[in-house]
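Enquirer: I would like the atomic coordinates for the input below:
(one chain, ligands or ions: 2)
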Amino acid sequence: MKSLDPRPSVIEERLKKVKRIIAVTGWKGGIGKSVTACAMALLLAKKGYRTGLFDLDFAGASDHIILGARGLFPREEKGLEPPSLEGVKFMSVVFFSENKAVPLRGANVSDAIIELLAITQWGELDFLVLDMPPGINDAALDVIRFARKAEVLAVTTPSVIARDVLARSLALYRRLKVPILGVVENMAAGVKPKGAAAAIRRDRGLEKAIGRPSALLKTAFAADLGRALRSLGLL
Ligand SMILES: Nc1ncnc2c1ncn2[C@@H]1O[C@H](COP(=O)(O)OP(=O)(O)OP(=O)(O)O)[C@@H](O)[C@H]1O
Ligand SMILES: [Mg+2]
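Expert: Ligands and ions are numbered 1, 2, ... in the order given. From the prediction side, this is the model:
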């Protein structure tokens, strides 16, 4: 029987005017996915691209902290219009959780994210950056399934464990036929990692720039990421 759920077609319609969707992923936690997603969105917007950023991490939403997004909230206008911050249209699950931990389980998280994808009005965008939660759970799989244009930008670190997890994640994306845009190796030890688009060094100045987008753009981290994105043909 054909599914009666209208949301897949609503999401397709909503994302029709979005040229590219980049899902920043990397299954391990705490390896820099969120700082990468935020800095990437800021760099793309600075370059003049119409850019959106969507923090999809229910358990650990952090982009609003990295961007210093205080007092922002989406406007209700035939759906939800994301507020703008430094030229980036910004949407986060945190807008709906009032900064509290959300005790949602698998299917409910998935439902909530799909709902948000269905009601958010991004309008015309060159890039929509998705900050994915760690791991690959129902929600992450659904995002990839519903946002059909999504390409993966994988973040990893030089650790043997992170690389092994990365290899498994890439194998799954290949199996699901999700295009892999590239791999960035964060907190790299200085040498260009094999198979990775580029290395991002550990940057002691990054922590101080958290919450200040203009300072974030001036970090060595952002400079390295910019180089990585240029080598991927994005900037
Ligand atoms: N290249 C770097 N140099 C210095 N600090 C970094 C670097 N990359 C990330 N960090 C720091 O590491 C911490 C974790 O980064 P971030 O929150 O982006 O990771 P994450 O992969 O999104 O984590 P989670 O899995 O919890 O979503 C942050 O405090 C961030 O500032
Ligand atoms: Mg994160």
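Enquirer: What's the first helix or strand after the helix or strand containing residue 107?
Expert: For residue 107, the element it lies in under DSSP states H and E is helix 106-119. Once helix 106-119 ends, the next helix or strand along the chain (criterion: DSSP H and E) is strand 125-131.
Enquirer: Excluding chain neighbours, give the residue nearest to residue 29 in space.
Expert: residue 134 (3.9 Å; Cβ to Cβ, 6 or more residues apart in numbering). (Each C-beta comes from the backbone N, C-alpha and C, glycine too.)
Enquirer: list the contacts for the one you found?
Expert: Going by Cβ atoms under 8 Å, 6 or more residues apart in numbering, residue 134 touches 26, 27, 28, 29, 30, 33, 57, 60.
Enquirer: and the angle for the helix holding residue 107 with strand 125-131?
Expert: Orientation note: helix 106-119 sits at an angle of 160 degrees relative to strand 125-131 (axes from the mean of the first three to the mean of the last three Cα atoms, to 10 degrees).
Enquirer: Pull the CA coordinates from whichever strand or helix holds residue 216 and hand them back as PDB.
Expert: In this structure, residue 216 sits in helix 213-217 according to DSSP H and E. Extracted as PDB, the C-alpha positions of helix 213-217 are listed here (Å, rounded to 0.1, in the frame of the first residue of the first chain):
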ATOM      1  CA  PRO A 213      30.900  34.300  14.700                       C
ATOM      2  CA  SER A 214      33.200  37.100  13.600                       C
ATOM      3  CA  ALA A 215      36.000  35.800  15.800                       C
ATOM      4  CA  LEU A 216      35.300  32.200  14.700                       C
ATOM      5  CA  LEU A 217      35.900  33.200  11.100                       C
END
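Enquirer: my guess is residue 163 contacts residue 155, does it?
Expert: No: counting by Cβ atoms under 8 Å, no contact exists between residue 163 and residue 155, whose distance comes to 11.8 Å.
Enquirer: Of the two, which one has the most company?
Expert: In this view residue 163 and residue 155 are compared by other Cβ atoms under 10 Å, and residue 155 has more residues nearby, 26 against 19.
Enquirer: Please name the bridge partners of the more buried one.
Expert: Per DSSP bridges, the residues bridged to residue 155 are residue 184.
Enquirer: Looking at this protein, which residue is nearest ligand 2?
Expert: Nearest residue of the chain to ligand 2 (Cβ to the ion) works out as residue 34 at 3.3 Å.
Enquirer: how about stretch 117-125: buried residues?
Expert: For stretch 117-125, a neighbour-count test (16 or more other Cβ atoms under 10 Å) marks 117, 118, 119, 120, 121, 122, 125 as buried.
Enquirer: now do the same end-to-end measure for it.
Expert: 15 Å (Cα to Cα, to the nearest Å).
Enquirer: next one: stretch 20-34
Expert: 19 Å.
Enquirer: Now look at that stretch and say if it contacts ligand 1.
Expert: Yes: using Cβ under 6 Å from any ligand atom, stretch 20-34 reaches ligand 1 at 29, 30, 31, 32, 33, 34.
Enquirer: Mind checking which of those residues are buried?
Expert: Buried among the residues of stretch 20-34 next to ligand 1 by 16+ other Cβ under 10 Å: 31, 32, 33, 34.
Enquirer: These: which two are farthest apart?
Expert: Maximum pairwise distance in those, criterion Cβ to Cβ, is 9.7 Å, between 31 and 34.
Enquirer: Just give me the residue closest to the centre of this protein.
Expert: Taking Cα atoms, centre = their mean, the centroid of the chain lies closest to residue 131, which sits 2.2 Å from it.
Enquirer: so that residue sits right up against residue 33, yeah?
Expert: Yes: if you go by Cβ under 8 Å, residue 131 and residue 33 touch, sitting 6.3 Å apart.
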